[in-house]
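Q: got a sequence here, can you build the structure:
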Amino acid sequence: MTTPSMTDPTPTEPLALVVVDMQRAFLDASVGFRFAPAALDVVEPVNALARRVRAAGLPVVWVLTTSRPGTEDWPSLRRLLGDEAMDHRTGVLEEGSYGHALWPQMDVAPQDAVVRKYRYSAMAEPGGELEGFLRARGIRRVAVVGTQTDVCCDATARDAMMAGIDVVLVEDCLAAETPERHEAALVSLAAAFAEVVTADELGEQLARSATPGAER
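A: Numbers count the residues shown, from 1 in each chain. As a prediction, this is how the structure comes out:
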C-alpha cells in the first residue's frame, strides 16, 4: 500500500514500538480462534524492527490480549458473540493459558515491557497499562505493529490518536485474517488517524533522530 502521510514525519519525537497480540491464539491455527495466517509472515519483520528501535534507545512494548475469568466482563461483546463463542474466547485468552502466551519466535529482550489489555484497544481502559507506561515516560508517539490490523491494531491506533498520541502504522509489520481486511484498515486509518509507513521508512526516521544514551 502507498498512502501519502497526513503530515510530515516528526522523527525527533520520542517513540515507542507497540507490538499488538503476537500471541499463540492468533498465530497457531490449532487453537481454533482468530487465526491470521499472514501474522506468521511478519514475525521476523517485527523482530527486526524491534531491534532497530532498541538500538535507537527507545522502548518496545509487547501487548497481550487478556480475558478476565468469569462471565461478567465485557457484556457487550458477550451479547454480540453469544455465550458459547465468548466462553471459548475467555478460555483461549485467559492469563496462563496456551493461547495467551506470546508466539515462541518473538524476540523479547529483558528491557522490553509486556503489558495486558482487556479490550480490543490497548488504550480503551483509562489508566490502563499501556497508557500508564507511555505517560510515565513522556512518550507521545507510537509505532503500532502486530495483529490484527483491522481489529486490535486499528482500535489501539484510533484510541491513541484520540488521546493525543501521534500514531505510525508500519504496514509490512501488520497482519489481518485476509489481505483485503488488512488493506482496508490501512486506507481507513491513513485518512484521519495515522501515518502509514514501511519498516524501512521508520528505520530511516530512527537513524536520523538517533542520539547517544541508554535505552528507555
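
Q: how about R140, nearest residue that isn't a chain neighbour?
A: Leaving out its chain neighbours, the residue that sits closest to R140 by CB to CB, 6 or more residues apart in numbering is I165, at 5.5 Å. Yep, even glycine has a C-beta here, placed from its N, CA and C like the rest.

Q: no no, V43
A: Counting by CB to CB, 6+ apart, V43 lies nearest to Q105, which is 5.1 Å off, once chain neighbours are set aside.

Q: just A207 next, same as before
A: Excluding the flanking residues, the one nearest A207 by CB to CB, 6+ apart is A56, at 7.6 Å.

Q: same question for A25.
A: G99 (3.5 Å).

Q: contacting residues for that neighbour?
A: Q23, R24, A25, D28, V31, F33, V92, L93 (CB atoms under 8 Å, 6 or more residues apart in numbering).

Q: this protein: helices as residue ranges?
A: Ranges of helices in the chain, per DSSP state H, are 24-27, 43-55, 75-81, 83-93, 129-136, 154-162, 179-192, 199-209.

Q: next, count neighbours for R51.
A: Neighbour count for R51, taken as other CB atoms under 10 Å: 14.

Q: how much space between it and A113?
A: 16 Å (CB to CB, to the nearest Å).

Q: how about P59?
A: Distance of P59 to A113, given as CB to CB: 6 Å.
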